[in-house]
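**Q** I would like to see how this sequence folds:
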Amino acid sequence: MDNIMKYKGYWAEIKYSDKDECFCGKIEGLKNSLISFEGTTVKELKKDFKDAIDDYLKVCKQTNTDPEKQCKGSLNVRLGVDLHNKAKIKSIEKNISINELIKEAITLYLKMN
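**A** Next up is the predicted model:
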């Protein structure tokens, strides 16, 4: 994952803008906040990325606001009828919830890749 930067529990995908001749990024998954950053060099990019997150956390602390998390821990997955039925049957066979089955499948997939 060469195009992902991580810092203090936040992550962003890095892109290059040929028009602006710079690297840029935005913290994804925040509903109420926009944290973006850029740099013409990797060093500048990393510094601006960290500074943007540090500034965001500082403002949250000053305003007594909880910082947003990128992922809440729950998501709505559309499987289609056939795959949903197969997953439900497998969860019954394993005597676990369909939610637990999906967590197991994702965990296994991430370990393999």
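
**Q** So in this structure, which strand runs the longest?
**A** Secondary structure of the chain per DSSP state E: the longest strand is strand 10-17.

**Q** Name the next helix or strand downstream of it, please.
**A** Along the chain past strand 10-17, the next helix or strand (assigned with DSSP states H and E) turns out to be strand 22-27.

**Q** So which bits of the following helix or strand past that next one are buried?
**A** Using DSSP H and E, the helix or strand that directly follows strand 22-27 along the chain is strand 36-39. Buried positions in strand 36-39, judged by neighbour count with 16 or more other Cβ atoms under 10 Å: 37-39. Placement of C-beta: from N, CA and C, glycine included.

**Q** go on, stretch 44-64?
**A** Going by 16+ other Cβ under 10 Å, stretch 44-64 has these buried residues: 45-46, 48-49, 52-53, 56.

**Q** Give the helix, strand or coil label for the most centrally placed residue in the chain.
**A** For the chain, the residue nearest the mean C-alpha position is residue 70 (5.4 Å; Cα atoms, centre = their mean). The three-state label given to residue 70 by DSSP: H, G, I helix; E, B strand; the rest coil is coil.

**Q** hmm, back to that, which of the buried residues of stretch 44-64 fall within strands?
**A** Per DSSP E, the buried residues of stretch 44-64 never map to strands.

**Q** Out of the residues you listed, which comes closest to residue 30?
**A** Of all those, residue 30 sits closest to residue 56, with 9.1 Å by Cβ to Cβ.

**Q** doesn't residue 67 make contact with that closest one?
**A** Yes - using Cβ atoms under 8 Å, residue 56 makes contact with residue 67 at a distance of 6.8 Å.
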